[in-house]
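Q: This is a predicted model, with the sequence first.
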Amino acid sequence: MSNSKSKRFRFAPSPTGYLHIGGARTCLFSWLYAQKIGAEFILRIEDTDLERSKKEYLDEILESIKWLGMDWDEIFYQSKRFDIYHSYAEKLISEGKACKKEGAVFFKYDFERVEINDLVRGKIVFTELPKDEEVIIKSDGSPTYNFSCVIDDALMGISCVIRGEDHISNTPKQILMYEALKLSIPEFAHVPLILSASGGRMSKRYGATSLREYKQMGYFSEAITNYLLLLGWSPGNNREIISLGEAQDIFDIKNVNKTGAVFSLDKLNWINGEYIRSKSINELTRIIKAYLEQRSCLPQDVDMSYLEKICRLFQERISKLSDLVDWTRFCFYDDFKYGEGTEKILSNDLSKEISFLSERLREIDNFDKEQIENKFRKAAGDLDLKLRVLVHPTRVALTGRKDGPGLFETMELLGKEKVLKRLNRLIQHWLSQA
RNA sequence: GACCCCAUCGUCUAGCCUGGCUUAGGACAUCGCCCUUUCACGGCGACGGCGCCGGUUCAAAUCCGGCUGGGGUCGCCA
């Protein structure tokens, strides 16, 4: 009986593309289970396809794994292990279990029946395979996936292979190889696939698939891992929000579902919004600053206290940081246009009324939201207008939008000078229309 | 087509293993109401599901079989 320290789990990405949602979840489940039982977790880079493997992808994959909050004890590269694969191929040849043909090495097998005891699915029985041979070394000398995978999982002492269910049909061939090589067979756990809204595999057609895209859109890694956790697994007790740390204690690969899960951006947005709302103003302000700076959405001289006010205004209105790009433009720049849906609001000319309001606002010394609200309400009363008749065009004047944070807070944020200027701009707009 | 996997609200799921405690629970989305200057947030509520047919049983979402439906794999890609 082996103790858990001798147990090992792995994630084996191929650097032929960016880390995608599905891979990230497989990695997460494998890593989490390793943490849960105190086992080692290793990364194995399956870069045997020298043509398609790129350094750029490798870097991004490792970066994404770290970004999500995971780590690894060891990392291996299959491209550095060709000698090992060759020696095992030679062994099979010498035993008559494989032969050279057309420059490649073929593994030959008699197949009757293979049974696997999958940790998430239970017993799976194969009684038929389409072929009786399998290429193990390609004619260019590189090993095929099924061969290098078997040798490495055995040599690296992987106790349970956790991978996507698209690998179920590879498993019988692999088991035949373990047996021919007299290597011990690990356990298997095939996790369900993540599907697109149309029910098929995730693809670019149905939105972002790579982790880096989600990062760029301003999703938090905690929100992504939280969401991924909910796809195929449940923490129980009707919980939706759970940290990686908590999940580490209660996750069990045996409790993973068998059913494919459709990826829902709506739910991810909700979870990300929950995380945004749970941040302190301080932290969120720093995050927002970095995000907008990186996208050149901030002027040079912006100060933290101004950003902090903005942060308070938008914290509960956004579900991801990229929402801020359009929302906050008016906070930093004067050259915005009156946007979509504002035509109706601006359709009747209120230049007289807004001028009146503007003069009243000018009288305020302490331009804070209480004073502003008082004056504003008073002005509306004097004009015998409902508050909203003035509110909506004023918001458009100040922000260019029909929706947004509370008007009086927005006015306080911008300050008297900008408010009066922008109100005047609207008045001019009406006059020029007439 | 062959092989394999899967099947609870539109979506993610709890319950299923160890049948009765279930008028099937929660979340997202949607809709309505409240809050309110808009949009959000928050609160309350509504809508909505055990794919079908048989069997086992006093009793089935839960066990068994078939059907149907969906998905995956069939590369000298991984």
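A: Yep, that arrived. Numbers count the residues shown, from 1 in each chain, chains lettered A, B, ... in the order given.

Q: what number of residues lie near A:Pro172?
A: 21 (other C-beta atoms under 10 Å). For every residue, glycine as well, the C-beta is placed using N, CA and C.

Q: Am I right that it falls within a helix?
A: Yes - counting by DSSP: H, G, I helix; E, B strand; the rest coil, A:Pro172 is located in a helix.

Q: mind listing what A:Glu46 touches?
A: A:12-15, A:78, A:145, A:148-149 (C-beta atoms under 8 Å, 6 or more residues apart in numbering).

Q: Can you give me the distance of the residue lying closest to it once chain neighbours are set aside to A:Arg81?
A: Leaving aside its sequence neighbours, A:Glu46 sits nearest to A:Ser14 (C-beta to C-beta, 6 or more residues apart in numbering; 4.4 Å). As judged by C-beta to C-beta, to the nearest Å, A:Ser14 and A:Arg81 stand 15 Å apart.

Q: again, but for A:Gln174
A: 17 Å.

Q: Looking at the two, which is more packed in?
A: A:Gln174 (24 against 17).

Q: Residue numbers of the stretch 251-400 of chain A in contact with RNA strand B?
A: A:255, A:257-262, A:264, A:266-267, A:269-270, A:273-274, A:277, A:316-317, A:373, A:387-388, A:391-392, A:395 (C-beta under 7 Å from any atom of the strand).

Q: A:His190: neighbouring residues, count only.
A: With other C-beta under 10 Å as criterion, A:His190 counts 23.

Q: Contact partners for it?
A: A:118, A:120-121, A:163-165, A:167-168, A:171.

Q: Counting neighbours, which of these comes out on top?
A: A:Arg163 leads these on contacts (other C-beta under 10 Å) with 22 neighbours.

Q: From A:Val120, how far out is that residue?
A: From A:Arg163 over to A:Val120 the distance is 11 Å, taken as C-beta to C-beta.

Q: Give me the common contacts of these two.
A: Both A:Arg163 and A:Val120 are in contact with A:189-191, where contact means C-beta under 8 Å, 6+ apart.

Q: what's the spacing between stretch A:38-46 and its chain's center?
A: How far stretch A:38-46 lies from its chain's middle: 21 Å, per C-alpha atoms, centre = their mean, to the nearest Å.

Q: circling back: give me the pLDDT for the residue nearest to A:Glu46.
A: pLDDT for A:Ser14: 97.

Q: Please apply the same query to A:Ser2.
A: 47.

Q: same deal with A:Gly218?
A: 97.

Q: neighbours around the residue nearest to it when sequence neighbours are not counted, how many?
A: Spatial nearest neighbour of A:Gly218, excluding adjacent residues (C-beta to C-beta, 6+ apart): A:Leu321 at 2.5 Å. Neighbour count of A:Leu321, defined by other C-beta under 10 Å: 24.

Q: Looks like A:Leu321 contacts A:Ala290 (just checking).
A: No - contact criterion C-beta atoms under 8 Å: A:Leu321 and A:Ala290 do not qualify, at 9.4 Å.

Q: Any idea how far apart the tips of stretch A:314-334 sit?
A: Distance across stretch A:314-334, first residue to last, is 19 Å (C-alpha to C-alpha, to the nearest Å).

Q: Rounded mean pLDDT for it, please.
A: Per-residue scores along stretch A:314-334 average to 97.

Q: Can you give the distance of that stretch from its chain's centre?
A: 20 Å.

Q: Give me the residues contacting that stretch.
A: A:216-219, A:269-270, A:272-273, A:276-277, A:279, A:281, A:284, A:287-288, A:291-292, A:295, A:297-299, A:302, A:306, A:310, A:336, A:398-401, A:404-405, A:413-414, A:418, A:421-422.

Q: list the buried ones in stretch A:262-276?
A: Using 16 or more other C-beta atoms under 10 Å as the test for burial, stretch A:262-276 gives A:263, A:268-269, A:271-276.

Q: Please list the residues outside that stretch that contact it.
A: A:21, A:194-197, A:199, A:202, A:206-207, A:219-220, A:222-224, A:226-227, A:230-231, A:240-241, A:284, A:315, A:318-320.

Q: are any of those residues buried, and which?
A: For the contacts of stretch A:262-276, buried by 16+ other C-beta under 10 Å: A:21, A:194-196, A:202, A:206, A:219-220, A:222-224, A:226-227, A:230-231, A:284, A:315, A:318-320.

Q: in chain A, what spans have low per-residue confidence?
A: A:1-5 (pLDDT under 70).

Q: how about the strands in it?
A: A:8-11, A:40-45, A:74-77, A:98-101, A:104-108, A:114-118, A:122-126, A:133-137, A:160-164, A:187-191, A:194-195, A:261-262 (DSSP state E).

Q: which bits of the stretch 51-200 of chain A sit near RNA strand B?
A: So far as C-beta under 7 Å from any atom of the strand goes, the stretch 51-200 of chain A lies against RNA strand B at A:52, A:101-104, A:121-122, A:124-131, A:135, A:138-140, A:142, A:144-146, A:165-170, A:192-193, A:195, A:199-200.

Q: For RNA strand B, see how far away A:Phe367 is.
A: 15 Å (C-beta to the nearest atom of the strand, to the nearest Å).

Q: And the residue of the stretch 101-250 of chain A that's closest to RNA strand B?
A: When scored by C-beta to the nearest atom of the strand, the stretch 101-250 of chain A has A:Tyr145 as its residue closest to RNA strand B, at 3.0 Å.

Q: List the beta-bridge partners for the closest residue to A:Glu134 other than its chain neighbours.
A: Nearest non-adjacent residue to A:Glu134, counting by C-beta to C-beta, 6+ apart: A:Phe107, 4.9 Å away. For A:Phe107, the beta-bridge partners under DSSP bridges are A:Ala98, A:Glu134.

Q: All set now, cheers.
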